[in-house]
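**Student:** Using only what follows, build the 3D model:
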Amino acid sequence: MSTTTLAVLVPLLPFLGAVAGLLFGRTAPGFVRPLAILPTLGAAVLAVLVAFRHGGGKAINTATELTPTGSVPIELSLHLDGFAVLVAVLVGVVATCVQLYSTAYLREDPRYPSYAALVSLFTSAMLLVVYSGDLMVLLVGWEVMGICSYFLVGHYWETEAARSASLKAFLVTKLGDVPFLIGLFALAADAGSFRITKILGTVAAGGLDHPTLIALLLLAGVAGKSAQFPLHTWLPDAMAGPTPVSALIHAATMVAAGVYFIARLLPVFAASRAALVVMAVMAAVTMVGSALAALAQDDIKRVLAYSTVGQLGYMTGALAVGDRGAAVFHLLSHGAFKALLFLGAGVIIHAAGTNSLAAMSRMDGLAKRIPDAFWTMSIALLALAAIPPFAGFFSKEAVLVAAEHTATGHSEFAPGAAGWVVLVAGLLTALLTAAYATRLWLMAFRGRGAAAPDHGKEPVAMTGVLWLLAIPSIGFGLAAGPLADWFDGKELTPTVTTSVLGTGAAVIGALLTYALWQRATVKAAAAGYGPGLSASVAAAESAAETPEVAEVTHDHPAVPLGSAPDPGKAFLGPLHRHAADGFHLDAVYDRLFVRPVRAAAGLVRFLDREVVDTYVSGAGSGTRLLGSLVRRAQTGNVQTYLSALLAGAVVLAIATAVLANVNAGS
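**Tutor:** Take a look at the predicted model:
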């Protein structure tokens with residue numbers, strides 16, 4: 001079987017699994033889990049086989065015209081290069097882990113069949129984006145992911161938070177998709193084709209007439225899908241969905257699609273130096289702002305959500321300085337350890353038995369209760385903080401090396417200003433990332449909150465997946481050398497300068513956070529708060545939604561729930577309140593867009609009801625009145641009709657006589 005045939009089967013298998021799951025999920029529940037796992041696993045195996053056959057060699061292209069359009073053709077095409085085949089492996093592996101994990105996490109969920117089918121469809125759509133060589137076919141996968149995210153984020157639709165989050169995710173991403181679609185049409189019009197290879201050939205020949213406009217329009221869509229400033233606000237709220245969905249969206253599919261799209265079409269963006277500077281500034285603001293926001297969040301999933309936004313900023317920054325190899329390398333590395341972090345958070349929530357204990361300030365005794373999550377999440381947090389020799393160190397250093405190379409004027413691809421912006425923001429974000437990673441570890445596993453009830457050992461389907469993802473989180477950085485041959489031949493190894501600066505910033509952030517946590521712990525002890533709470537606290541918490549104080553019957557005094565030491569407050573100081581609210585960006589959008597739109601809708605409603613409806617109602621009332629008058633004249637009595645006829649004849653005769661006399665006199 002040829003490589004292209006195998007590549008066609010990769011997105012096709014999960015699609016067929018999704019269709020079968022939707023058709024037979026209710027009638028044959030015994031087949032739901034096999035239909036969820038086996039097609040996705042098959043796609044992952046085939047993706048590995050395609051990558052092995054490709055071997056980092058020349059790109060493989062094949063195409064067939066879907067239908068004649070009369071102008072720009074739309075083709076069903078495949079473009080398999082080193083980037084595509086490796087990203088497909090990431091998508092397949094993470095999606096398989098999520099499906100396997102979900103069989104235990106959502107074991108009692110009555111809507112699991114539809115959930116599993118949507119995850120398979122989501123996976124198929126992302127694989128279509130990865131392998132597609134035509135922008136219109138890529139757009140199909142792009143939009144299918146959007147609608148799947150709407151349904152998956154709103155899986156718990158009984159809650160207001162899930163309904164609002166799903167709608168917000170859909171609307172914000174669609175806000176970016178509108179200019180994105182216009183940009184695709186403008187790009188195809190200039191290049192005369194939607195085929196990616198032909199577009200890149202046109203760019204190389206200098207055939208784009210509007211490079212800056214096209215790049216900025218496309219960048220708007222990327223900002224929406226990959227949650228970059230200012231269209232990132234949907235991603236933290238998307239945590240209202242099931243935790244495995246968060247792992248899939250944040251690690252391997254939807255948010256990675258925008259970064260991957262720019263990597264595929266980087267020469268289009270490089271045709272405009274202004275667009276690269278805009279991209280660099282967008283990445284810098286995203287990195288620093290999201291890291292500050294992560295330091296102020298109490299919900300563990302929101303911390304990880306803002307972390308994802310920031311790590312995507314690193315990838316966008318690498319693209320802004322013209323190194324798509326570094327961007328995709330970090331995408332692959334991040335996909336492994338971020339999926340591990342989210343699934344580990346799911347184990348914590350599952351162990352607590354309720355989403356209410358996702359608040360880190362209420363966690364206690366988790367390191368001993370769930371050792372698998374403790375050790376694997378510790379590995380993932382070290383990778384996130386870019387501590388050597390974990391995977392995140394090598395991939396983040398590749399980004400910093402690319403930025404330093406551009407900033408010092410050694411790159412003709414991007415302006416030096418873009419390099420300096422990305423380098424400075426990247427180093428500051430490295431410090432903040434280590435700070436919030438350390439804070440998360442301390443509060444989740446060394447916290448002094450409320451001990452949750454022990455529900456026993458977690459399912460192997462969940463803990464086994466954690467250890468599987470821990471392997472690339474530890475060792476993927478060792479692939480930096482060999483991956484250079486797959487990624488345009490550029491070296492991905494760290495340099496002494498960036499290693500010292502990046503690792504030094506991370507160590508400073510971690511040590512400072514630990515010192516602040518220790519000081520806060522001492523203050524809490526001096527105030528009379530014990531280091532932990534007994535099981536009676538958990539009982540008190542479950543008895544009331546938001547109890548102010550839990551009474552303890554053992555040696556510990558009464559402790560206000562949620563009063564566990566939080567180093568983030570001391571780290572951020574007066575900035576903490578603003579960072580916790582995402583720097584009030586939602587409030588800004590509410591005043592700039594939501595309120596004016598609602599006011600305009602209210603005006604339209606008033607005009608419709610009081611003006612348009614008045615005319616319509618008046619026309620109807622006049623007709624009814626006229627009909628009523630005519631109806632009164634139609635009595636059905638023949639004598640009345642004859643009397644009226646006679647009276648009319650007499651009136652006409654008198655009138656005729658009067659007129660005749662008047663005429664005779666004149």
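**Student:** Where do the helices of the stretch 101-250 of the chain begin and end?
**Tutor:** Taking DSSP state H, counting those that start in this stretch to define them, one finds helices in the stretch 101-250 of the chain at 112-131, 135-153, 160-191, 196-204, 211-225, 234-237, 243-251.
**Student:** Any idea which of those gets closest to K396?
**Tutor:** When the helices of the stretch 101-250 of the chain are compared by C-beta to C-beta, helix 243-251 sits nearest K396, at 16.1 Å. Bear in mind the C-beta positions are built from the backbone N, C-alpha and C, glycine included.
**Student:** which residues are contacting stretch 657-664?
**Tutor:** The contact list for stretch 657-664 (C-beta atoms under 8 Å, 6 or more residues apart in numbering) is empty.
**Student:** what's the average pLDDT for it?
**Tutor:** Across stretch 657-664, pLDDT averages out at 83.
**Student:** What of stretch 426-437?
**Tutor:** 96.
**Student:** same question, stretch 274-286
**Tutor:** Per-region confidence: stretch 274-286 scores 95 on mean pLDDT.
**Student:** Show me where the stretch 401-550 of the chain has its strands.
**Tutor:** 549-550 (DSSP state E, counting those that start in this stretch).
**Student:** can you give me the helices for it?
**Tutor:** 416-445, 460-475, 480-483, 496-526, 535-543.
**Student:** want to throw those into CSV with distance to A238?
**Tutor:** Listed next are the helices of the stretch 401-550 of the chain as CSV, based on distance: least, C-beta to C-beta, whole Å:
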stretch, distance to A238
helix 416-445, 19
helix 460-475, 21
helix 480-483, 30
helix 496-526, 26
helix 535-543, 26
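**Student:** Distance to P34 and mean neighbour count for those helices - can I get that in a markdown table?
**Tutor:** A markdown table is the format used below for the helices of the stretch 401-550 of the chain (distance: least, C-beta to C-beta, whole Å; neighbours: other C-beta atoms under 10 Å):
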| stretch | distance to P34 | mean neighbour count |
| --- | --- | --- |
| helix 416-445 | 34 | 24 |
| helix 460-475 | 14 | 20 |
| helix 480-483 | 34 | 17 |
| helix 496-526 | 43 | 17 |
| helix 535-543 | 36 | 18 |
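**Student:** Ok, which of these comes nearest L184?
**Tutor:** helix 416-445 (24.3 Å).
**Student:** helices and strands around the closest one, which ones?
**Tutor:** Applying 3 or more C-beta pairs under 8 Å, 6 or more residues apart in numbering; DSSP states H and E, we find helix 416-445 packed against helix 273-295, helix 300-320, helix 366-369, helix 371-384, helix 391-407, helix 496-526, helix 567-572.
**Student:** looking at the helices of the stretch 401-550 of the chain, which has the lowest confidence?
**Tutor:** It's helix 535-543: among the helices of the stretch 401-550 of the chain, that one has the lowest mean pLDDT, namely a mean of 38.
**Student:** how much space between the closest residue to P472 other than its chain neighbours and L469?
**Tutor:** Leaving out its chain neighbours, the residue that sits closest to P472 by C-beta to C-beta, 6 or more residues apart in numbering is A336, at 4.0 Å. A336 sits 6 Å away from L469, going by C-beta to C-beta, to the nearest Å.
**Student:** quick revisit: out of the helices and strands packed on helix 416-445, which comes closest to A251?
**Tutor:** That would be helix 300-320 among those, by C-beta to C-beta, at 8.0 Å.
**Student:** by how many degrees do that closest one and helix 416-445 diverge?
**Tutor:** Angle, helix 300-320 to helix 416-445, by axes from the mean of the first three to the mean of the last three C-alpha atoms, to 10 degrees: 160 degrees.
**Student:** Helix 300-320: what's the following helix or strand?
**Tutor:** helix 324-352 (DSSP states H and E).
**Student:** tell me the mean pLDDT for that next one?
**Tutor:** 91.
**Student:** Just give me how far that helix sits from the chain centre.
**Tutor:** Chain-centre distance of helix 324-352: 14 Å, with C-alpha atoms, centre = their mean, to the nearest Å.
**Student:** Taking their axis directions, that helix and helix 371-384 sit at what angle?
**Tutor:** Going by the same axes, to 10 degrees, helix 324-352 makes 150 degrees with helix 371-384.
**Student:** And for the residue nearest to P472, the neighbour number?
**Tutor:** 29 (other C-beta atoms under 10 Å).
**Student:** G335 now?
**Tutor:** 26.
**Student:** what's it in contact with, if anything?
**Tutor:** G335 sits next to 90, 94, 251-252, 256 when contact means C-beta under 8 Å, 6+ apart.
**Student:** Keep only those of those residues that are in helices.
**Tutor:** For those, the ones inside helices are 90, 94, 251, 256, with DSSP state H as the criterion.
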